[in-house]
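1. requesting a structural model of the entry that follows:
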Amino acid sequence: MKISPAHIRIFKIVLVLSMLVLLFQFIRHTDLAEVKSALGKAGAGFIWVIVSTFVAYWCGAVGWWFCLGESKSLISHTRIFVVRHISETVGAFNPASVAGGDMFKVFLLKPYGIAQQPALTSVIIYRFLMILSQLVLFVVSMFWMVSGTGPGGGALPGGYIVVMVSALLLLAAICFFWLKSARKLQLLVGNSTSESRLSRVNSKIREVRIALYQFSINHPKELLFAFICFLLHWLIGSLEFYIILKLLGYDVTLMHGLLLDMGVVLVKSAGAFVPGQIGVEEIGNKLMLGVIGIASATLWLSVSALRRTRQLFWILMGALFYALFVRGKKTLS
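-> Modelled structure (predicted):
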C-alpha cells in the first residue's frame, strides 16, 4: 500500500520534533562548565579527536558503500559519507534508535537511483558486519587484557575468553547456515497465495534472506573489503580515547584505547533504547576507566565532557550536511 504524501509530511514533522526534543535533553544534560574545563586541559590537541573520528566515520561509510554491490556506482564516497552521517545522527536522536536511523538510510538512498531492495540489503549487511567486527575486536582486546601485558593482566579467568570466543564462533556458524539455507528458499518465491499479515511478513523476511545470500555469492570481495573497512572504523575510532587520555596527561597505549572504546560501545549497545545515550555513555566511560586501572574520581567527567563535545560538533555537521546536500537535492520533497 502506497503511503500518501500527507502521511509522509506528518512522519517528517513527528521525526523532526522528537529529534529536537531529544537533542535539547542531550544539551541540557551536558555540563558546559566541565566541557570548558576539559577543553582548557586538552588545548588545541582536541582537533586530533575530531580528525580521528572523521577518518573512522569515513571508513564506516566506505564499508557501507561496498555493501551496495552493483548499486555502489550510483553514489560517490563523499555522498554516502554524508548520507550515513545524517542517518547515524537521526539514529541517535529518535525514539526508534538505530532501527530508525537504518531505515532513514534506505530513504536517503532513493534519490540516487538505488532501489529499495538493494538499499535495504546493504543496510542489513552493514549493521551485521559492524556488529561482527566490533565483537572480533572486543575479543582481541580482552585477550590482551588477560594475557598479563594488559591492565589487570591475569585478573580474569581464562575461561571467560574461551566462553567469548566460543560464543563468537557459534554466532558465526548460525549466521553462515542461516544464510546458506536461503538458497532453498528461492524455489518458494511467489508460491505463497496467502494474504495474511504474518504471511506477508514471512515473505519479506524470505526476500531479505535470499538477497543476502545472493550478495554473498555474487560479491565476496566486496563483503571482505567491507569487513576490513569496519575493522578500521573501530580501530581508528578507538584513537579518540587514546588521544583524550594523552591530552589529559595519562600514560596509556593504543590497546588501552581499543579496550576502552569496545567496552563503552557494548555498554551503549545495552542502553540503545535510551535516545541520545544520555547518561549511558558516562556510565560506560567510568566503568571502563576503572577496568584499565585508572581510579581518578574526576577523570571520567573530563573524558565524558570531551566526548560530548565531539558529539555536539558532529551533530552540528550532520545538520549542515542535511541543509547543504539533502535539502539542496530536495530528497525529502
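2. please make it C-alpha for all contacts and neighbour counts, starting now.
-> Will do.
3. quick one: residues contacting the nearest residue to His77 once chain neighbours are set aside.
-> Nearest non-adjacent residue to His77, counting by CA to CA, 6 or more residues apart in numbering: Val62, 6.2 Å away. The contact partners of Val62, by CA atoms under 8 Å, 6 or more residues apart in numbering, come to 77, 80-81, 226, 229.
4. check which helix or strand covers Val62.
-> helix 47-66 (DSSP states H and E).
5. so for the longest helix seen in the chain, what gets flagged as buried?
-> Of all segments of type helix in the chain, defined using DSSP state H, the longest is helix 116-146. Within helix 116-146, the residues that count as buried by 16 or more other CA atoms under 10 Å are 118-126, 129-130, 132-135, 137-146.
6. with stretch 226-244 instead?
-> By neighbour count, with 16+ other CA under 10 Å as the criterion, the buried positions of stretch 226-244 are 226-244.
7. coming back round to it: gap between the residue nearest to His77 and Ile228?
-> Val62 sits 10 Å away from Ile228, going by CA to CA, to the nearest Å.
8. what do you get for Gly113?
-> Noted for Gly113: a distance of 27 Å to Ile228, by CA to CA.
9. swap in Gly101?
-> Summarising the geometry, the distance separating Gly101 from Ile228, computed by CA to CA, is 23 Å.
10. same thing with Gly40?
-> 36 Å.
11. and what of Leu170?
-> From Leu170 over to Ile228 (counting by CA to CA), the distance is 21 Å.
12. leaving out sequence neighbours, find the closest residue to Leu120.
-> Val106 (6.0 Å).
13. wait, the one you found touches Val123, no?
-> Yes - using CA atoms under 8 Å, Val106 makes contact with Val123 at a distance of 7.4 Å.
14. how many residues are close by Gly249?
-> 11 (other CA atoms under 10 Å).
15. could you number the chain from 423 rather than 1 from now on?
-> Happy to do that; since the first residue is 423 now, the last one works out to Gly671.
16. pop out the phi and psi values for it.
-> With angles defined as degrees, to the nearest 10, Gly671 shows backbone torsions of phi 90, psi 20.
17. what does the one 10 residues further on give?
-> Main-chain dihedrals, Leu681, degrees, to the nearest 10: phi -60, psi -40.
18. quick check: closest non-adjacent residue to Asp683.
-> In space, Asp683 is closest to Ser660, 5.3 Å off (CA to CA, 6+ apart).
19. I should have written Ala648 there, sorry.
-> Of all residues beyond its chain neighbours, the one nearest Ala648 is Gly485 (4.1 Å), with distances taken as CA to CA, 6+ apart.
20. just checking, that neighbour touches Lys643?
-> No - proximity of Gly485 to Lys643 does not meet the contact threshold set by CA under 8 Å, at 11.8 Å.
21. give me the helices and strands touching the helix or strand where Leu738 lies, please.
-> In this structure, Leu738 is located in helix 721-743 according to DSSP H and E. In terms of contact count using 3 or more CA pairs under 8 Å, 6 or more residues apart in numbering; DSSP states H and E, helix 721-743 is assigned the packing partners helix 454-464, helix 499-514, helix 661-669, helix 702-713.
22. run through who's touching the second one.
-> The one in question is helix 499-514. Residues external to helix 499-514 that are found in contact with it (CA under 8 Å, 6+ apart): 441, 479-480, 483-484, 487, 519-524, 526-527, 530-531, 697-699, 737, 740-741, 743-744, 747.
23. following it, which helix or strand comes up?
-> The next secondary structure element downstream of helix 499-514 (using DSSP H and E) turns out to be helix 519-531.
24. about what we covered before: who has more neighbours, Gly485 and Lys643?
-> Taking neighbours as other CA under 10 Å, Gly485 and Lys643 compare with Gly485 leading, 28 against 13.
25. and the more buried one, what pLDDT?
-> pLDDT recorded at Gly485 is 96.
26. who touches it in this structure?
-> Applying CA under 8 Å, 6+ apart, one finds that Gly485 lies in contact with 548, 647-652.
27. please apply the same query to Val687.
-> Listed by CA under 8 Å, 6+ apart, the contact partners of Val687 are Gly706.
28. the nearest residue to Lys708 once chain neighbours are set aside: neighbour count?
-> Distance criterion CA to CA, 6+ apart; nearest residue to Lys708, sequence neighbours excluded, is Trp722 at 5.2 Å. Neighbour count of Trp722, defined by other CA under 10 Å: 21.
29. is it true that Trp722 touches Glu704?
-> Yes - between Trp722 and Glu704 there is a contact at 7.3 Å, judged by CA under 8 Å.
30. so for stretch 707-722, what's the average pLDDT?
-> For stretch 707-722, the mean pLDDT works out to 78.
31. the residue lying closest to Glu704 once chain neighbours are set aside - how many residues pack around it?
-> Spatial nearest neighbour of Glu704, excluding adjacent residues (CA to CA, 6+ apart): Ser726 at 5.8 Å. For Ser726, the count of nearby residues is 24 (other CA under 10 Å).
32. gap between Ser726 and Asn707?
-> Plainly put, Ser726 is 7 Å away from Asn707 if you go by CA to CA.
33. same check on Val477?
-> With distances taken as CA to CA, Val477 is found 22 Å from Asn707.
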